[in-house]
Each structure stands twice: as C-alpha cells, then as structure tokens.
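In: sequence and predicted structure, then a few things I'm wondering about:
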Amino acid sequence: MERLYYRPLAQTDACRPAGALTLAGGWCWFDRVEVLSRGGSRGLMAASDLPPEVVHRLTAPRAPLAGMRWDAPQIMGIVNTTPDSFSDGGRYDRPDAALVQAEALLAAGADILDIGGESTRPGAVTVPEAEEVARTAPLIAALRSAGHKGPISIDTRKAAVAAAALAAGADLVNDVAAMTYDPALAGVTAQAGAALCLMHAQGSPETMQAAPRYDDVLLDVYDFLEERIAVAEAAGIPRAQILTDPGLGFGKTVAHNLALINGLSLFHGLGCAVLLGTSRKRFIGTIGRAEQADQRMPGTLAVTLVGLSQGIQLHRVHDVQEIAQGIALWRGMVMGYSE
C-alpha cells in the first residue's frame, strides 16, 4: 500500500472555525490537510478524518527544549568563529570579536546562540577537530563565565567538538549532517542529556551543490529526517529533545528550496519542533537580486514570515535585530499586542 503523508493547511486567522485543531501546540490552527503520496497530491481531507496517531503528532504541544518554550517563535543568533563562512567569515574568528558579537546578538533579541567553528558553505573544506574545538569551546566557556545563563548551541558534525562544547556549557548540538558524518555524535549527545537538531543535507559541503536531485524533495527530506530521528531515539535521545531542520540550501536548487518552504507545515508530522535556517542563503540572492550575502536580510525576513505562518518555531538568523523586529510586528498582528 502506498504511504500517505499529511500536510496541514496552517491558518492564523482570528476567525477560527469550531473543531479546528491547534498545530503543534502553537499559534496556528488547521481544519484540513493535503494528502500527499509518491504519486502526487490526493487532494484535501478534513482534519476530523485523520487517523488518531497523525492527529497526535500534528497537534501535541512540543516540550520545552534547551530552555526554550514553543508557544511563541524563537530566534537563534548565528556566531561563526570561522575565517571562511559564506556571509561573515573572518569577522568573528578572534575570540574577543566573537564574544562581542555573541553579546550583541543577545542584546538584539536572540533566544539562543549557535556557535560554529567550521563553515559548511558550498565548497567548504573540513576543519580538523582540534582547530574546531579551539574556535568554539573557549567562546562557550567565556559566555558562561560572563554570566550568560541562556541556551547555547554548538554547530558541528563531529562528536569530539560536540563533547568539548557540551563540557564548556552548550545545551544543544546542531548537526547539519544528522549524525551521518560522525555516528558517535549521537552517543555523546545522549550521554550529556543534551538536545539535538537533525538537519537534512544531500552530499558534503564540498559537493552538495554540484547537481542535487530528488524524486520528491519534500517527501525525500521528510523520510530522511524520520529515519534520523529513529536513529537518535535508538541512541537514547528522546524525541522531545530533538529538533528537525529541512536544510535549505544544503544540496538544493532554487526550486527545491521553494518547494520545501511552501511545504514546511508537513514537518510538524515528525512530532518535533522545527528549525528554519534560511538566513542570507544564496537562493534569496538569486530571486531577490542581491549578490552580496549581507544584502539579503529583507529576503530572509520574507521567508521567516512564511515559516511563522506555518508554525515554525525556531529561526536561525544573522540579522537578529531586524528579524526580531519583524517577528514582533507579526506577533502583534497575529497573536495579539499589549502595551
């Protein structure tokens, strides 16, 4: 029998019909889903006709993770301690500059910091573990020593780097390879009792944009993340401690990225909170005619707002102040505003 997938038609309108279901315990509701299969769309189904297990996955409130609650959108501020990241490489690769930037992002409204010591831009080469540790763990320790008690994420594919970061005070491991690069990362994360973000990528950073292909990008990415969640659970990481990320720009064409953005609500069916990492990505520059990465904030905000309209809980961005302002206005209009 052909497998079916259920994409909720997320709504935020204040005129909510009786019987509509709340999406992932958040700010969106739905009363219909699009039924998808490998053969294509099968049209719409009333939410009231969904199987009970599907309803549970789509509606259950997501548990707090790394100190974050999901009843409102959260912002992840990016701190790249690298000389070669696509957007801000070389700006924060000195410890003092990285610490100043991290503190600035927190002041601008970041709910969590994502500390990375290895660029995963298209064409990037692998950084030795010891060098990646030296770029990241001291910064995390410095933030904790300075009194920062909020959540911190380590952006790494490597178990040794994750272990050093967790020992220094990180709460979340953000793995762009979803444990396919270093399977030992699962055990390190589980042993520390930390949270884990699993991202989809096709290929390695060196080759991922050469010629990405999918049978059905939305369903292929969904199936991959579902399989990696099972691997993480088998390693001792509860689903409630797992985030998923469809991996925009990681082995995707412009068309692939747009298909994923339009279908984002499908990923709530995995039963995890969802991270959207769209900040300054190349497809934004292609569509918005912005050659320089630091000119892509308006396009990033546009995609962020689409994500919010589909209930996406966590947004990974460079331009925290600007995105925080946009989210605040969106929240005021959709979720209500009080002085």
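Out: Structure received.
In: next, residue 202: secondary structure please.
Out: coil (DSSP: H, G, I helix; E, B strand; the rest coil).
In: ok, now which ones touch it?
Out: By Cβ atoms under 8 Å, 6 or more residues apart in numbering, the contact list for residue 202 reads 208, 212, 214, 250, 251, 252. The way it works is simple: take the backbone N, C-alpha and C, and place the C-beta from them, glycine included.
In: give me phi/psi at it?
Out: Torsion angles at residue 202 (phi, psi; degrees, to the nearest 10) stand at phi -100, psi 110.
In: not counting sequence-adjacent ones, nearest residue to it?
Out: residue 251 (2.9 Å; Cβ to Cβ, 6 or more residues apart in numbering).
In: rewinding a little: so which of the contacts of residue 202 sit within helices?
Out: Of the positions in the contacts of residue 202, not one sits in helices, assigned by DSSP state H.
In: the stretch 101-250 of the chain: strands as residue ranges?
Out: All strands of the stretch 101-250 of the chain, identified by DSSP state E, counting those that start in this stretch, fall at 112-116, 152-155, 172-175, 195-199, 242-245.
In: and the contacts of residue 202, which is closest to residue 176?
Out: Distance to residue 176, by Cβ to Cβ, is smallest for residue 250 among the contacts of residue 202, at 6.5 Å.
In: which of the contacts of residue 202 lies closest to residue 2?
Out: For those, the nearest to residue 2 is residue 214 (17.9 Å; Cβ to Cβ).
In: in space, not sequence, find me the middle residue of the protein.
Out: residue 275 (2.2 Å; Cα atoms, centre = their mean).
In: report the residue ranges of every domain in the protein.
Out: 5-58, 65-334 (automatic domain parsing).
In: so what's residue 44 up against?
Out: 9, 32, 33, 34, 35.
In: helix or strand next in line after the host helix or strand of it, which one?
Out: Residue 44 belongs to strand 40-46 when assigned by DSSP states H and E. Using DSSP H and E, the next helix or strand after strand 40-46 towards the C-terminus is helix 52-59.
In: dump that following helix to PDB, keeping only the CA atoms.
Out: The C-alpha coordinates for helix 52-59 follow below in PDB (Å, rounded to 0.1, in the frame of the first residue of the first chain):
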ATOM      1  CA  PRO A  52      -5.600   9.400  15.700                       C
ATOM      2  CA  GLU A  53      -1.900   8.800  15.600                       C
ATOM      3  CA  VAL A  54      -1.500  11.500  12.900                       C
ATOM      4  CA  VAL A  55      -3.600  13.900  14.900                       C
ATOM      5  CA  HIS A  56      -1.400  13.400  18.000                       C
ATOM      6  CA  ARG A  57       1.800  14.100  16.000                       C
ATOM      7  CA  LEU A  58       0.400  17.200  14.400                       C
ATOM      8  CA  THR A  59      -1.200  18.700  17.500                       C
END
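In: what's it in contact with?
Out: For helix 52-59, the external contacting residues (Cβ under 8 Å, 6+ apart) are 6, 8, 21-25, 30, 33, 47, 50, 268-271.
In: so how far is it from its chain's centroid?
Out: Chain-centre distance of helix 52-59: 21 Å, with Cα atoms, centre = their mean, to the nearest Å.
In: hang on, residue 224 packs against residue 200?
Out: Yes - Residue 224 lies in contact with residue 200 (Cβ atoms under 8 Å); the separation is 5.1 Å.
In: now list whatever residues contact both of the two.
Out: Contact with both residue 224 and residue 200 is made by residues residue 178, according to Cβ under 8 Å, 6+ apart.
In: distance between the lowest-mean-pLDDT helix or strand in the chain and the chain's centre?
Out: In the chain, no helix or strand scores lower on mean pLDDT, DSSP states H and E than helix 95-108, which sits at a mean of 90. Taking Cα atoms, centre = their mean, the mean C-alpha location of helix 95-108 is offset from the chain mean by 21 Å.
In: cool, stretch 96-111 as well?
Out: Distance of stretch 96-111 from the chain centroid (Cα atoms, centre = their mean) equals 19 Å.
In: which residue, other than its chain neighbours, is closest to residue 323?
Out: The shortest distance from residue 323 to any non-neighbouring residue, by Cβ to Cβ, 6+ apart, is to residue 317 (4.7 Å).
In: contact partners for that neighbour?
Out: Going by Cβ under 8 Å, 6+ apart, residue 317 touches 75, 76, 77, 78, 278, 279, 300, 304, 323.
In: give the contact list for residue 139.
Out: 79, 81, 95, 98, 99, 102, 115.
In: next, the first one: secondary structure please.
Out: Right, the one you point to is residue 79. Residue 79 is classified as strand under three-state DSSP.
In: give me the number of residues near it?
Out: When neighbours are defined as other Cβ atoms under 10 Å, residue 79 has 29 of them.
In: ok, back up a step: which residues touch the host helix or strand of the residue nearest to the centre of the chain?
Out: Using DSSP H and E, the element containing residue 275 is strand 273-276. By Cβ under 8 Å, 6+ apart, the residues outside strand 273-276 that reach it are 24, 62, 65, 70, 76, 174, 197, 199, 243-246, 248, 264, 267-268, 303-304, 307, 311-316.
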